[in-house]
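1. sequence first, then the predicted structure, then my questions.
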Amino acid sequence: MNVNPILPGFYPDPSICRVGGDYFVVTSSFEYFPGVPIFHSTDLVSWEQIGNVLDRPSQLHVAPGLASASTGIFAPTLRHHDGRFWLTTTNFADVRRGHLIVQADDPAGDWTDPVYTAGAIGIDPDLAWDDDGTCHLTWCFPGQIRQAAVDPDSGKLLSEPRALWSGTGLAHPEGPHLFRRDGWWYLVLAEGGTDRGHAVSIARSRLITGPFTGNPANPILTRGGTEHPVQSTGHADLVELSSGEWAMVHLGVRPRGTFPLWHVNGRESFLTGIDWADGWPVVVEDRLAVPVRDNAFTDEFRAPPLHPRWISPGTDPRTFTRHRPGGGLVLAAGRTADAADCLLAVRARDLHWLATVDLAEGDARLTVRIDDAHWVAVERRADGLAARMVVGPLDQVLATANGIGTGDALAIRAVAHADAATFRAGPDQLELGYLRDGEFRRLATVDGRYLSTEVAGGFTGRVIGVEALATDATLTRFAYQALA
């Protein structure tokens, strides 16, 4: 069975398109800025992030704070039509404006400022063009899938919205994607909610406008009620390969620990093969082998711009960072020493990992975060360290140490749970400490369940980042690596 994601870490709701021998995938980003990471591959297995589609304040409005957690960008669709790339998505922070549409000649370059589809209220939009060139916008409205013709250049609806299909009867039909094969239009949906009952269903019609008839074998993919290590599979998009074969990308989670299981890295993107039988797609899970990805990196911030992996919850990272001549990144001070709100972060991408931070000056913290009410950190203030944990209204300093110098790196690692053989095991343990002479020195240990989606709620996963405290701080090195 294929258990390795093509995009490990918090990269949910994948949408894929092919241009010649090149494949491109985008995913949701929720409250984080920049939004909609975009990846490129030539083999469907090895993916490189080439940018973020929404990387300017004029394109993306998000806000910091707990109230904004899991808002922002929901379920984009990426398509290539008539020589241009098109992307549509919903910014839940601006949901009443309708869906947004942007376009670009180069997917790694600048995308246009968005236009909005006023009158099309909901989430998870899709774009598809019929033979006569009419563009159709399809989206999720509570309980049903709707569709209208649209001018993608202006966002103006050209027809009244109409119901298209309501799925098979499972909860929350959403995430529609339309594609064409052998004279049929296929409508693929996510159903069952985005938890353990998540599923992929599909219907077809001779016309893009329907009526659509469901596959008698629906759902074509679900892991509900199984012991497969990848659960909550759904929200799929299909693509025809340059060879004429087909493949499907979808989200899933990797829950761990004992009952009821917890997932911590968010919903990730996976890959399956597709066969066709009697005009319907059949999932072939193991056709496209996905190896374990090496996600290690070291960033010494030698020159702008920031790598596209860097994100911030509700804030453009460029507003509080600046590169220092000769190397290093200056982080502007947070609001107060106890409530910094400018986190420069990356997604946690492995089951077990080590992250370390070298600081040249200033007080700062290395943080692992789900949202503003669920995080742990190692904080440096002068020559002292504190291991701190926030879970809901509880804010606790777990341990302290003195005599810490600038040569001692802040460090957090995620390791296997020490009680894995008991019924009390969480998904992992977070060890908070520092490195001295290359040796990890632990201050405190936290059960990883407290930084899981099952505890925090929402649609995101863990991020690891750095934030300055009462004064500016200079970050000279951030290193991340997987642990065995």
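-> Looks like it arrived, so ask away.

2. can you pull the contacts of the spatially most central residue of the chain?
-> By CA atoms, centre = their mean, the mean C-alpha position of the chain lies nearest to residue 11, the distance being 2.6 Å. Counting by CB atoms under 8 Å, 6 or more residues apart in numbering, residue 11 makes contact with 5, 27, 28, 37, 266, 267, 268, 269, 347. Every C-beta, even on glycine, is put in place using the N, C-alpha and C of the backbone.

3. quick check: closest non-adjacent residue to the last one.
-> Just to be clear, that refers to residue 347. residue 9 (3.9 Å; CB to CB, 6 or more residues apart in numbering).

4. do the second one as well
-> Nearest residue to residue 27, sequence neighbours excluded (CB to CB, 6+ apart): residue 11, at 4.2 Å.

5. so how far is residue 462 from that neighbour?
-> Separation of residue 11 from residue 462 (CB to CB, to the nearest Å): 13 Å.

6. now list whatever residues contact both of those two.
-> Among the neighbours of residue 11, those also in contact with residue 462 (CB under 8 Å, 6+ apart) are 266, 347.

7. thinking again about what came up before, give me the number of residues near the residue nearest to residue 347?
-> 23 (other CB atoms under 10 Å).

8. can you check residue 95 too?
-> Residue 95, neighbours per other CB under 10 Å, totals 14.

9. may I have the phi/psi pair for it?
-> Backbone torsions for residue 95, taken as degrees, to the nearest 10, come to phi -60, psi -30.

10. test my guess that it contacts residue 120.
-> No. Under the criterion of CB atoms under 8 Å, residue 95 makes no contact with residue 120, lying 10.5 Å away.

11. which residue sits farthest out from the middle of this structure?
-> Of all residues in the chain, residue 403 has its C-alpha farthest from the mean position, at 38.5 Å, by CA atoms, centre = their mean.

12. quick one, domains of this protein?
-> Listed domain ranges for the chain are 14-284, 297-482 (source: the TED database).

13. start and end of the shortest one, how far apart?
-> Looking back up the chat, that one is domain 297-482. Domain 297-482 stretches 10 Å from its first residue to its last (CA to CA, to the nearest Å).

14. could you point out which element follows the helix or strand containing residue 189?
-> Element membership for residue 189 (DSSP states H and E) is strand 184-191. Tracing the chain past strand 184-191, the next element assigned as helix or strand by DSSP H and E is strand 199-205.

15. what strands line up against that following strand, and which way round?
-> strand 184-191 (antiparallel), strand 213-214 (antiparallel), strand 221-222 (antiparallel) (DSSP bridges).

16. next, the buried residues of it.
-> Residues 199, 200, 201, 202, 203, 204, 205 are the ones in strand 199-205 that count as buried (16 or more other CB atoms under 10 Å).

17. list the contacts of it.
-> For strand 199-205, using CB under 8 Å, 6+ apart, the contacting residues are 165, 167-168, 170, 173, 184-192, 211-215, 218-222, 224, 233-236, 248, 250, 279-281, 283.

18. what about 6 Å?
-> Strand 199-205 is contacted by residues 165, 167-168, 184-189, 191-192, 212-215, 218-222, 234, 236 when judged by CB atoms under 6 Å, 6 or more residues apart in numbering.

19. and it, what's its mean pLDDT?
-> Here strand 199-205 scores 98 as its mean pLDDT.

20. again, but for stretch 297-316
-> Rounded mean pLDDT across stretch 297-316 is 97.

21. got the end-to-end distance for it?
-> Chord length of stretch 297-316, first to last residue, is 22 Å (CA to CA).

22. over to stretch 445-452?
-> 15 Å.

23. chain center to it: distance?
-> 20 Å (CA atoms, centre = their mean, to the nearest Å).

24. shaky segments in the chain?
-> Along the chain, segments meeting pLDDT under 70 span 1, 335-340.

25. hey, where'd the helices end up in it?
-> 453-456 (DSSP state H).

26. who does residue 81 bridge with?
-> Beta-bridge partners, per DSSP bridges, of residue 81: residue 84.

27. sorry, slip of the keys, the one I care about is residue 379.
-> As for beta bridges, residue 379 partners with residue 365, residue 386 under DSSP bridges.

28. quick one: contacts for it?
-> 365, 386, 388.

29. ok, 8 Å please
-> Residue 379 touches 363, 364, 365, 385, 386, 387, 388, 469, counting by CB under 8 Å, 6+ apart.

30. next one: residue 365
-> For residue 365, the contact set (CB under 8 Å, 6+ apart) comprises 340, 377, 378, 379, 380, 388, 410, 466, 467, 469.

31. quick one on the thing from earlier: let me have the domains of the chain in JSON lines, extended by distance to residue 291.
-> Shown next, in JSON lines, are those (distance: least, CB to CB, whole Å):
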{"stretch": "domain 14-284", "distance to residue 291": "7"}
{"stretch": "domain 297-482", "distance to residue 291": "13"}
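
32. closest to residue 290 out of the ones you listed?
-> Of all these, it is domain 14-284 that lies closest to residue 290, at 5.6 Å by CB to CB.

33. tally up the residues packed near the residue lying closest to residue 428 once chain neighbours are set aside, please.
-> With sequence-adjacent residues excluded and distances taken as CB to CB, 6+ apart, residue 428 is closest to residue 448, at 3.9 Å. A total of 25 residues lie near residue 448 under the criterion other CB under 10 Å.

34. ok, now how distant is residue 448 from residue 158?
-> 50 Å.

35. just residue 168 next, same as before
-> From residue 168 over to residue 158 (counting by CB to CB), the distance is 30 Å.

36. try residue 396
-> In terms of CB to CB, residue 396 sits 57 Å off from residue 158.

37. isn't residue 466 right next to residue 342, touching?
-> No. Between residue 466 and residue 342 there is no contact under CB under 8 Å: 9.5 Å.

38. any common contacting residues for these two?
-> In contact with both residue 466 and residue 342: residue 331, using CB under 8 Å, 6+ apart.

39. more neighbours: these two, which one.
-> Each of residue 466 and residue 342 has its neighbours counted (other CB under 10 Å); residue 466 has more, 25 against 22.

40. so that one bridges to which residues?
-> So, taking DSSP bridges as the rule, residue 466 has residue 344, residue 366 as bridge partners.

41. tell me the spacing between the residue lying closest to residue 260 once chain neighbours are set aside and residue 448.
-> Residue nearest to residue 260 in three dimensions, not counting chain neighbours: residue 454, with 7.0 Å by CB to CB, 6+ apart. Taking CB to CB as the criterion, residue 454 is separated from residue 448 by 11 Å.

42. got any residues that touch both of the two?
-> residue 262.

43. which stretches of the stretch 201-350 of the chain form strands?
-> Secondary structure of the stretch 201-350 of the chain (DSSP state E, counting those that start in this stretch): strands at 213-214, 221-222, 231-240, 246-253, 268-277, 280-284, 297-299, 312-313, 321-323, 329-331, 344-347.

44. looking at these, spot the one closest to residue 80.
-> Per CB to CB, nearest to residue 80 of the strands of the stretch 201-350 of the chain: strand 231-240, 10.9 Å.

45. partner strands of that closest one, parallel or antiparallel?
-> strand 246-253 (antiparallel).

46. quick one, the partner strand and strand 268-277 angle?
-> Between strand 246-253 and strand 268-277, the angle comes out at 140 degrees (axes from the mean of the first three to the mean of the last three CA atoms, to 10 degrees).

47. could you find the closest non-adjacent residue to residue 155?
-> Residue 155's closest residue in space is residue 115 (CB to CB, 6+ apart), at 3.6 Å.

48. report the buried residues of stretch 3-20.
-> 4-18.
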